[in-house]
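Engineer: One predicted model, sequence on top.
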Amino acid sequence: MSEYPKSPLMGQMMSQPLLISSIIQHADRYFGSNEIVSRRVEGDIHRYTYRDCHKRARQMANALDALGVRIGDRVATLAWNGYRHLELYYAISGSGAVMHTINPRLHPEQIAYIVNHAEDQFLFFDMSFLPLVEAFAAHCKTTKGFIMMCDRDRMPAETRIPNLMCYEDLIAKSSDDYAWPLFDENCASSLCYTSGTTGNPKGALYSHRSTVLHSYASAMPDALNVSARDSVLPVVPMFHVNAWGLPYSVPLTGAKMVFPGPALDGKSLHELFEQEQVTFSAGVPTVWLGLLTYVGQNNLKFSSFKRTVIGGSACPPAMMKTFRNQYVIDVVHAWGMTEMSPLGTACTLQSHHMSLSDDAQQSILEKQGHAIFGVDMKIVDDMGEELPWDGKTYGNLLVKGPWIVSGYFKNEGGDVLQDGWFPTGDVATISPDGYMQITDRSKDVIKSGGEWIGSIDLENIAMGHPAVQQAACIGVFHPKWDERPLLVVVKKPGAEVSREELITFYEGKIAKWWTPDDVTFVEALPIGATGKILKNRIRDQFKEYKLPTA
Ligand code: AMP
């Protein structure tokens, strides 16, 4: 694959491909008795070790072989975070096939579309998804069989699903005598479709090399900072960009793994955090909102939880402060995307920041952070000209690096790179010392009188008001300015606040012309399949909205 020149004197190091199977081999050999704990779809708690996981992954690899799965074939999963899903991460990719994780929150028609687009040969699913699989299985053109991830006694007596098999049967009849094959590290390892709020979803096709490099980099102290002394609970689903790589980086470091299964409500999460002495977790802001509300209402604390990574959408500063001030939990704000495996930046302080005031440190930590080694970034204007890193000028954010896509699966969308850089679709500033801050998704930017207003800032300020649970800011039509900001708010249960109070709340916090023209209150905001607020839905809902200033 290398298109670069060679030297007359090449290095003399072992040429060993970077393969995903090496991670589980390492975890077994050096951390074999460390635990993997899962809250199962069945409702109980399951415990075993990395050694057990590796053994069953080898059995499953033999089972896949017997089913006729070959190198490069796509095998899909529709499953929550759990030990069987982890076994498949290694069995499928480790044997050379391609692990295609599907988001079960998608509509059955969308699932059938991506199964057919990916040409999945087999599909594994958690038993709670039986009705969902029944709804689309007949439309899967290439899928030769479906495997329900459960014991024999949980299998349905009757089903419309063609060639339905039982996961534990496959394991039981397969030997664990399996040698992980060696192949080129650039072979495809896994496939993840983008959330695709517009148009059809597109596939990001990761390689063994990109995944192993991302695992190394993401575990570093100024990124996720995972070590063998941690107990890690990935709240972020294994069907959303491989749970930000934690199914690889956690075994790689030997940390204890704790899987929450489908129970992502505040009560279940808090119980598991305490029971398994979780030290580190990761997830999108909407999940943390549920946990913080539950913990707050019930006057609870965390006895072991020390650090969490929040990303996927902007972490409201108010949430960061609640974590830190009330529970002494550090929040690392991180940014990335499906196309980036996903990690691009993480926000941590450097020694020279230690003498700054708390407020100054906080305002750095609210940014999305600095690039982790392996990722490079720049901001450009609409003509592609690079913009200065002054912390004020904002532009289109472009990235490059070995775990960033060079194009989409099956070349969907054509040539996406701009001079070798991937356009993220985000708008950002970068400070002189390299801290990036997202002002908006380019399609969410509010265009007022030829200038841009970043909706994230406006939302963050609103979320700082004690009566506001959630806020989204959108541009709505204005006859003079094209668009003006409308703030859509969900109030905290039992709390009261008026439109005028919220508009006054912006005074002194932002340029006056950025202040929302109006505020409207709703019961709930539409949330998408990956836990993000769906701005396009809100825009549709308020398409005809008449601003008082119009
Ligand atoms: P996805 O591919 O579904 O993970 O979505 C990636 C997009 O989510 C990015 O391009 C950003 O628009 C958004 N995103 C991810 N992390 C953050 C963050 N920390 N702050 C703001 N937006 C974020």
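Structural biologist: Nice, thanks for sending it over.

Engineer: Now find how far off-centre the longest helix anywhere in the chain is within its chain.
Structural biologist: Determined from DSSP state H, the single longest helix within the chain is helix 50-66. How far helix 50-66 lies from its chain's middle: 26 Å, per CA atoms, centre = their mean, to the nearest Å.

Engineer: And for stretch 456-464?
Structural biologist: For stretch 456-464, the distance to the chain centre is 22 Å (CA atoms, centre = their mean).

Engineer: Could you do stretch 16-35 as well?
Structural biologist: Distance of stretch 16-35 from the chain centroid (CA atoms, centre = their mean) equals 23 Å.

Engineer: Which residues does that stretch contact?
Structural biologist: The contact list for stretch 16-35, computed with CB atoms under 8 Å, 6 or more residues apart in numbering, reads 47-51, 53-54, 57, 89-90, 93-94, 180, 182-185, 189, 208-209, 211-213, 215, 228, 248, 251-252, 254-257. Where C-beta positions appear, they are placed from N, C-alpha and C, glycine not excepted.

Engineer: change it to 7 Å
Structural biologist: Contact with stretch 16-35 is made by 47, 49-51, 53-54, 57, 90, 93-94, 180, 182-185, 189, 208-209, 211-213, 215, 228, 248, 251-252, 254, 256, as judged by CB atoms under 7 Å, 6 or more residues apart in numbering.

Engineer: quick one, strands of the stretch 251-400 of the chain?
Structural biologist: For the stretch 251-400 of the chain, strands defined by DSSP state E, counting those that start in this stretch occupy the ranges 256-259, 280-283, 307-310, 330-336, 343-346, 370-371, 376-380, 395-400.

Engineer: out of those, nearest to residue 4?
Structural biologist: The closest of those to residue 4 is strand 395-400. By CB to CB, the value is 15.0 Å.

Engineer: Buried residues in the longest helix of the chain, which are they?
Structural biologist: Buried positions in helix 50-66, judged by neighbour count with 16 or more other CB atoms under 10 Å: 50-65.

Engineer: before we move on, the earlier item: using CSV, lay out the strands of the stretch 251-400 of the chain together with distance to residue 34 and mean neighbour count.
Structural biologist: Formatted as CSV, the strands of the stretch 251-400 of the chain follow (distance: least, CB to CB, whole Å; neighbours: other CB atoms under 10 Å):
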stretch, distance to residue 34, mean neighbour count
strand 256-259, 6, 25
strand 280-283, 15, 26
strand 307-310, 19, 24
strand 330-336, 23, 23
strand 343-346, 23, 27
strand 370-371, 31, 21
strand 376-380, 35, 18
strand 395-400, 34, 22
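
Engineer: For these, give me a markdown table that also has distance to the ligand and mean pLDDT.
Structural biologist: Below are the strands of the stretch 251-400 of the chain laid out as a markdown table (distance: least, CB to the nearest ligand atom, whole Å; pLDDT from 0 to 100):
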| stretch | distance to the ligand | mean pLDDT |
| --- | --- | --- |
| strand 256-259 | 20 | 98 |
| strand 280-283 | 12 | 97 |
| strand 307-310 | 7 | 98 |
| strand 330-336 | 4 | 98 |
| strand 343-346 | 8 | 98 |
| strand 370-371 | 13 | 98 |
| strand 376-380 | 12 | 98 |
| strand 395-400 | 8 | 97 |
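
Engineer: Need those in CSV (columns: distance to residue 523).
Structural biologist: Output for the strands of the stretch 251-400 of the chain, formatted as CSV (distance: least, CB to CB, whole Å):
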stretch, distance to residue 523
strand 256-259, 32
strand 280-283, 23
strand 307-310, 25
strand 330-336, 28
strand 343-346, 34
strand 370-371, 39
strand 376-380, 38
strand 395-400, 34
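
Engineer: So which bits of stretch 259-276 are buried?
Structural biologist: 259-262, 264, 266, 268-273, 276.

Engineer: my read: residue 252 touches residue 220, true?
Structural biologist: No. Look at residue 252 against residue 220 with CB atoms under 7 Å: they stay out of range, at 11.4 Å.

Engineer: Counting neighbours around each, name which of the two comes out higher.
Structural biologist: residue 252 (23 against 15; other CB atoms under 10 Å).

Engineer: For the stretch 451-550 of the chain, which residues are neighbours of the ligand?
Structural biologist: Proximity of the stretch 451-550 of the chain to the ligand (CB under 6 Å from any ligand atom) is limited to residues residue 530.

Engineer: what does the domain assignment say about the protein?
Structural biologist: Domain ranges of the chain: 17-210, 446-541, per automatic domain parsing.

Engineer: Could you list the low-confidence segments of the chain?
Structural biologist: When residues are selected by pLDDT under 70, those of the chain lie in 1-2, 195-199.

Engineer: Show me what from it comes close to the ligand.
Structural biologist: 194-195, 241, 311-314, 333-335, 337-338, 342, 368, 424-426, 438, 441, 530.

Engineer: Thanks a lot, see you next time.
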